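Undergrad: Curious how this folds, go ahead:
(chains A, B, C and D)
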2 protein chains.
Amino acid sequence: MPKQTFLNLPEEKRNHIINAAVDEFAQYGLENASTNHIVENSGISKGSFYQYFEDKQDVFMYLLTVLEREKMEYFKGKHPPSTNMDTFEYFRWMIKAGMEFNSAYPRMVQAVSRVLLGEGLYYAKTFAEHRLKTIKAFEMMINQAIERGEVDPSVDVELAMMIMETWSNAISTYILNEGMKQKDIMKWVRSAKTQEKIDKLLYVMEYGLRKTESEFVKHF
Amino acid sequence: MPKQTFLNLPEEKRNHIINAAVDEFAQYGLENASTNHIVENSGISKGSFYQYFEDKQDVFMYLLTVLEREKMEYFKGKHPPSTNMDTFEYFRWMIKAGMEFNSAYPRMVQAVSRVLLGEGLYYAKTFAEHRLKTIKAFEMMINQAIERGEVDPSVDVELAMMIMETWSNAISTYILNEGMKQKDIMKWVRSAKTQEKIDKLLYVMEYGLRKTESEFVKHF
DNA sequence: CTATAATGTGACCTGCTGGTCATATGACCT
DNA sequence: AGGTCATATGACCAGCAGGTCACATTATAG
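TA: Residues are numbered from 1 along each chain as shown, chains lettered A, B, ... in the order given. Down below sits the predicted model:
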């Protein structure tokens, strides 16, 4: 985590630095990001950088907490439209709200998810803790769906978690990659066409999950 | 592509070199792979390396064609158990045969898919051609499934392609990551437990796809 | 055996990396 | 004023990167 020196900095200067870092990570990933570039683009000296942070990874970890905090704030303000939602409806709402958030902070999300999904796949241990947090939420959701009778109780929970995670990541990557090509991401994400695409994707997952297990046994 | 000098080399020496390259790419990816390491571990000199290849990327591209060739050979020898298979049965068979292949050449597959799925996601243009080849096969399959009446004709073909690609990649990554932890990958892949896991994953996809569109419309 | 062409070699080049440190600056206190 | 302490600086370091090239070795042909 950043040293106190950094946290004492005026907000504007701090933002300058993390913006430079975000741009660097978004373009080059963690491994290939250059501290020299970050230093140059944020208008501070090399020495200051190492007075603020331990190293590159330290900056990234800070970015991760910033993003997490922003996301929390964002979700606090948003509430599911209906109070008594089906678990899948809730999941769909969650994914869509997530996409809205992503298109509000596209550079930052790109930087983080590039590292987490790209490099993190193979050096996962470092970020295992972060991944666990996300996955736990999926576990709760699927268990709730079973309790409510929306999903066959014999369903393989771990499998369902993997499916939810995979789709969550796939949609996020897809939206980010396609969205970066648009002039107005937010508008594009909110467009009926994009929303329908997301709906359909999730519906395939939902329909498969609802029925899977009992049908699966019959099938073989 | 490698220069003639390389292709003239005795097979043993060639294999030595590509093995070293595979190990390097598997461990560090394309961007961070070191030509110096490859040279050291393959017992050739720096000068020779650049007499054989243009650069790092050239080696990787060659690796890609080698893998493709090996995979073709492998699939030539394998034939679907039944001649009149459902498209989804065929897809399932294909995925499983693919996993068998992967566990026969785990290092090479790891090296290639690490670059293609990790780095390739963001520098996609370079490998777009390769990806297109794979995707085209999925397109044919889904069109065939529609013709046969196995899938609703109103299904979004592009969407189905994306789903098939995502699952294909997700399963491949999962098997590779988990499999590398086992002492005998091949045995583990063939085990009833692993096979059932794959079956279930694909079944969720299949069941979702079969019904999606018509149900989807009703649902909203 | 000699001449020519092909192949192999590793010292060497430049450029960039992450990281250090002696020194300079300037805000704040007495 | 002088003193102190957090902050800021950029020249500098060792290490490694990709890539080159003059030279050494070996194979082929006449």
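Undergrad: What is the burial count for residue A:151?
TA: Neighbour count for residue A:151, taken as other Cβ atoms under 10 Å in any protein chain shown: 24. The C-beta positions use only the backbone N, C-alpha and C, and glycine is treated the same way.
Undergrad: Hmm, residue A:209 and it touching each other?
TA: Yes. With contact defined as Cβ atoms under 8 Å, residue A:151 reaches residue A:209; the gap is 6.1 Å.
Undergrad: distance between the ends of stretch A:139-154?
TA: Stretch A:139-154 has an end-to-end distance of 15 Å (Cα to Cα, to the nearest Å).
Undergrad: Between residue A:151 and residue A:209, which contacts overlap?
TA: Counting by Cβ atoms under 8 Å, 6 or more residues apart in numbering or on different chains, the common neighbours of residue A:151 and residue A:209 are residue A:160.
Undergrad: Please, which helix or strand holds the closest residue in space to residue A:151 that isn't next to it in sequence?
TA: Nearest non-adjacent residue to residue A:151, counting by Cβ to Cβ, 6 or more residues apart in numbering or on different chains: residue A:145, 4.3 Å away. In this assignment (DSSP states H and E), residue A:145 forms part of helix A:128-147.
Undergrad: just how off-centre is that helix within its chain?
TA: Using Cα atoms, centre = their mean, to the nearest Å, the mean C-alpha position of helix A:128-147 is found 14 Å from that of the whole chain.
Undergrad: Quick check: which helices or strands does it pack against?
TA: helix A:87-104, helix A:157-179 (3 or more Cβ pairs under 8 Å, 6 or more residues apart in numbering or on different chains; DSSP states H and E).
Undergrad: quick one: which of those helices is nearest residue A:190?
TA: Of all the helices and strands packed on helix A:128-147, helix A:87-104 sits nearest to residue A:190, with 7.6 Å by Cβ to Cβ.
Undergrad: Give me the buried positions along the helix or strand just after the closest one.
TA: As assigned by DSSP H and E, the chain's next helix or strand after helix A:87-104 is helix A:106-113. In terms of neighbour count (16 or more other Cβ atoms under 10 Å in any protein chain shown), helix A:106-113 has its buried residues at A:106, A:108, A:109, A:110, A:111, A:112, A:113.
Undergrad: Local confidence estimate at the fifth one?
TA: The one in question is residue A:111. At residue A:111, the pLDDT value in this model is 96.
Undergrad: which residues does it contact?
TA: For residue A:111, counting by Cβ under 8 Å, 6+ apart, the contacting residues are A:21, A:22, A:23, A:25, A:26, A:63.
Undergrad: The second one - nearest residue in space that isn't next to it in sequence?
TA: So the one you mean is residue A:22. Closest to residue A:22 by Cβ to Cβ, 6+ apart is residue A:111, at 4.8 Å.
Undergrad: so how far is residue A:176 from that neighbour?
TA: 11 Å (Cβ to Cβ, to the nearest Å).
Undergrad: now do residue A:117
TA: 10 Å.
Undergrad: With neighbour numbers in mind, choose between the two.
TA: Set side by side, residue A:117 and residue A:176 show more neighbours around residue A:176, with 21 against 18, by other Cβ under 10 Å.
Undergrad: looking at it, that one is touching residue A:102, isn't it?
TA: Yes. Counting by Cβ under 8 Å, residue A:176 touches residue A:102, with 6.3 Å between them.
Undergrad: Can you check which residues contact both of the two?
TA: With Cβ under 8 Å, 6+ apart, residue A:176 and residue A:102 have common neighbours residue A:109.
Undergrad: that older thread, closest to residue B:187 out of the buried residues of helix A:106-113?
TA: Of the buried residues of helix A:106-113, the one sitting nearest to residue B:187 (Cβ to Cβ) turns out to be residue A:113, at 35.1 Å.
Undergrad: if we can go back for a sec, what does the helix holding residue A:145 rub up against?
TA: A:64, A:87-88, A:90-91, A:116, A:120, A:124, A:151-153, A:155, A:157, A:160-161, A:164-165, A:168.
Undergrad: Cheers, nothing more for now.
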